[in-house]
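Enquirer: Kindly generate the corresponding structure for this input.
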Amino acid sequence: ARLQEMVEQLEHDKVSSIQREIRMREILKSLESERLLWMKKEVSAEIEDLNSQIEATCALVGKLMTENAELVEKVVKEAMTHDSRLKTVKRCR
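Expert: Sure, this is the predicted structure:
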């Protein structure tokens with residue numbers, strides 16, 4: 001009878017242990033899912049930040065290119081004016 005009680009207790013302990021293991025595995029799965037979700041949110045936030053930085057950089061580059069084109073145009077006009085003045089001075093000599 002005593003041996004039978006010990007066997008039954010061991011069987012009960014085994015079932016309890018298996019149930020605990022199953023619960024632990026479920027908890028681990030849940031934690032892994034939460035971790036992955038958190039990582040996706042972090043990556044999404046970083047991507048949004050990088051996209052904002054890229055947009056700002058593109059806007060700045062566009063502005064600088066426009067300003068550069070305007071400056072080149074002014075330099076060309078000044079060069080043409082200067083060249084014209086030099087020709088006039090040479091003709092006067």
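Enquirer: Any stretches of this protein with poor pLDDT?
Expert: For the chain, the stretches with pLDDT under 70 are 89, 93.
Enquirer: Check which helix or strand the residue nearest the centre of it maps to.
Expert: Nearest to the mean C-alpha position of the chain, counting by C-alpha atoms, centre = their mean, stands residue 47 at 2.5 Å. Using DSSP states H and E, residue 47 falls within helix 2-92.
Enquirer: ok, the residue nearest to the centre of the chain to residue 53 distance?
Expert: The gap separating residue 47 from residue 53 is 11 Å, by C-beta to C-beta, to the nearest Å. Every C-beta, even on glycine, is put in place using the N, C-alpha and C of the backbone.
Enquirer: Same question for residue 83.
Expert: Distance, residue 83 to residue 53, by C-beta to C-beta: 44 Å.
Enquirer: For residue 58, grab the count of nearby residues.
Expert: When counting by other C-beta atoms under 10 Å, one arrives at 10 neighbours for residue 58.
Enquirer: what does residue 35 give?
Expert: Residue 35 has 10 neighbouring residues, counting by other C-beta under 10 Å.
Enquirer: One more: residue 76?
Expert: When neighbours are counted by other C-beta under 10 Å, residue 76 registers 10.
Enquirer: again, but for residue 30
Expert: Neighbours around residue 30, by other C-beta under 10 Å: 10.
Enquirer: same deal with residue 73?
Expert: By other C-beta under 10 Å, neighbour count at residue 73 equals 10.
Enquirer: Next up, the contacts around it.
Expert: Contacts for residue 73 (C-beta atoms under 8 Å, 6 or more residues apart in numbering) come out as none.
Enquirer: quick one: it and residue 67, what's the gap?
Expert: 11 Å.
Enquirer: same deal with residue 55?
Expert: As judged by C-beta to C-beta, residue 55 and residue 67 stand 19 Å apart.
Enquirer: Also residue 37?
Expert: 45 Å.
Enquirer: And residue 4, by the same measure?
Expert: Separation of residue 4 from residue 67 (C-beta to C-beta): 94 Å.
Enquirer: Can you give me the distance of residue 35 to residue 42?
Expert: Separation of residue 35 from residue 42 (C-beta to C-beta): 10 Å.
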